[in-house]
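Peer 1: make a model of this:
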Amino acid sequence: MGWGGTGAILRASTAGTRNVTTPMAGNSIYAPVSTLAVAVSFALPAKSGTVTLTFSNGSSALSAKGKSQLTALANKLLAGESVTITGYANSNAKLAKARSAAAGRYLTSKKTVRVRLVAVTKTNGQSATVATTKQ
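Peer 2: Numbering: from 1, shown residues only. Reported below is the predicted structural model:
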């Protein structure tokens with residue numbers, strides 16, 4: 001099933017929950033004992049993903065397609081995962097920040113994730129890129 005362990009190390013290659021006990025061998029004074037079962041859960045890390053959102057010229061409003069892309073990404077992410085959102089706007093720092101912030105607000109309304117916002121102004125882009133961050 002993808003679960004095993006020796007000593008103080010428990011390994012899992014599949015997601016799920018298992019009850020774990022810790023046996024202790026007896027000796028000349030004490031009889032062997034085992035702890036009560038403790039439920040241990042493992043979740044597999046989300047697969048890295050990148051989404052590119054397109055904005056109308058001069059706008060930071062998310063399109064329906066952009067919202068759909070962010071919802072799909074949120075469904076793949078684990079709670080607490082880190083993402084970097086880079087907003088682009090040619091020579092307009094305020095707009096670049098607004099684009100990354102709009103994407104960040106929407107994404108965090110769907111999943112509790114850590115968001116790092118970046119603004120890039122030396123570009124002709126009308127977009128924002130949302131990428132998972134390796135931890």
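Peer 1: got the end-to-end distance for stretch 22-30?
Peer 2: With C-alpha to C-alpha, to the nearest Å applied, stretch 22-30 spans 16 Å between its terminal residues.
Peer 1: give me the most central residue, the chain.
Peer 2: Centrality entry for the chain: nearest residue to the mean C-alpha point is E81, 2.7 Å, by C-alpha atoms, centre = their mean.
Peer 1: give the contact list for the nearest residue to that residue once chain neighbours are set aside.
Peer 2: Nearest non-adjacent residue to E81, counting by C-beta to C-beta, 6 or more residues apart in numbering: V113, 5.2 Å away. For every residue, glycine as well, the C-beta is placed using N, CA and C. Neighbour list for V113: 74, 77, 79-83, 107 [criterion: C-beta atoms under 8 Å, 6 or more residues apart in numbering].
Peer 1: report the longest helix in the chain, please.
Peer 2: helix 93-110 (DSSP state H).
Peer 1: cheers, nothing more for now.
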